[in-house]
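S.K.: Please find the sequence and the predicted model below.
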Amino acid sequence: MNVGTIVLHEIDKETAERYLGYGTSSADPVTAGLLRKCEAELLPEIKARYVYKIFDLTDGQPAGCSLCLPGNSIREHLMGCSKALFLCATLSSAVDRLIRKKQIGSMAEAMVTDALASAAVEQVLDGAEAQIFTKHPFREHTWRFSPGYGDLPLEIQGAFLDLLEAPKRIGVCVSTSLLLVPTKSVTAIIGLGEHIEKKNRKTCEICTLRGNCSFRACGTK
């Protein structure tokens, strides 16, 4: 199993603003100040780690393991791919504790910290991809496809984490309600190959959160 770390020196506040519902607009001065304050408090709590494994694909399924990827969405996503990268990344349980502490003291700071943490985990995934593809160069790869997208069910989260030994390697588990713990964690599948169809692009239509998404409400697709 392959484990890595990512160090963040700053958080993408533009993305955090989008999570807060600002869309393409800039945050007001008060919120901008909260973003800077909460970023300074959040960064020391982030101990970002990731774990991954690359599988050969046989008929669109990972070979040599018991996990089956059900549904048409993931089948179409991996069409033309010869391998698949299974990835899990997390910020740390300390981030969850900080958000809970903020919820007691200031809901405004809790919301801002949560948005910053959501932006940070995306940065961690981007950094993990960069490290992985430097070590394992592939001509082409798809975007990240997570359980819950399209008809790939969240119910596979437990088996996904077990396959990566994520509970032992980086401390990520799944709750009875199928939420990842720590909450600022992500699982994803990335198709790898030489001639991948360019249509494998993320859109709102394949996401289960499309009916309740602040990004889509502000025009992001």
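M.R.: All right, it came through fine.

S.K.: CA atoms for contacts and neighbours, from now on please.
M.R.: Will do.

S.K.: Was I right to think V3 contacts G171?
M.R.: No: counting by Cα atoms under 8 Å, V3 stays clear of G171, with 11.7 Å between them.

S.K.: Okay, buried residues for the stretch of helix or strand E122 belongs to please.
M.R.: Per DSSP states H and E, E122 falls inside helix 107-135. Of the residues in helix 107-135, 109-125, 127-129, 132 count as buried by neighbour count, 16 or more other Cα atoms under 10 Å.

S.K.: How is the most centrally placed residue in the chain assigned, secondary-structure-wise?
M.R.: The residue lying closest to the centre of the chain (Cα atoms, centre = their mean) is V186, at 3.7 Å. Following DSSP: H, G, I helix; E, B strand; the rest coil, V186 is assigned to strand.

S.K.: From G23, how far off is the residue of the chain positioned farthest from its centre?
M.R.: No residue in the chain sits farther from the centre than P29, which is 29.0 Å out by Cα atoms, centre = their mean. Distance from P29 to G23, counting by Cα to Cα, to the nearest Å: 16 Å.

S.K.: Could you report the neighbour count for the residue nearest to L180 when sequence neighbours are not counted?
M.R.: Spatially, and ignoring its direct neighbours in sequence, L180 is nearest to V174 (4.5 Å; Cα to Cα, 6 or more residues apart in numbering). Close neighbours of V174, defined as other Cα atoms under 10 Å, add up to 18.

S.K.: before we move on, what about C68?
M.R.: 13.

S.K.: Could you find the closest non-adjacent residue to it?
M.R.: Nearest one to C68, counting by Cα to Cα, 6+ apart, is Q61 at 6.5 Å.

S.K.: and for the strand or helix carrying L163, what are the contacting residues?
M.R.: Following DSSP H and E, one finds L163 within helix 157-164. With contact meaning Cα atoms under 8 Å, 6 or more residues apart in numbering, helix 157-164 is reached by 1, 51-53, 65, 67, 86-88, 147, 167, 172-174, 178, 187.

S.K.: Emit the ChimeraX select command for whichever of those residues are buried.
M.R.: Restricted to buried positions by 16+ other Cα under 10 Å, the ChimeraX selection for these reads:
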select :51,52,86,87,88,147,172,173,174,187
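
S.K.: So which of the contacts of helix 157-164 sit within strands?
M.R.: Of the positions in the contacts of helix 157-164, V51, Y52, K53, F86, L87, C88, C173, V174, T187 sit in strands, assigned by DSSP state E.

S.K.: and the two most separated of these?
M.R.: K53 and V174 (18.8 Å; Cα to Cα).

S.K.: Work out for me the element D151 sits within.
M.R.: Counting by DSSP H and E, D151 is part of no helix or strand.

S.K.: all helices for the chain, in order.
M.R.: 13-19, 29-42, 72-77, 93-105, 107-135, 157-164, 166-169, 214-217 (DSSP state H).
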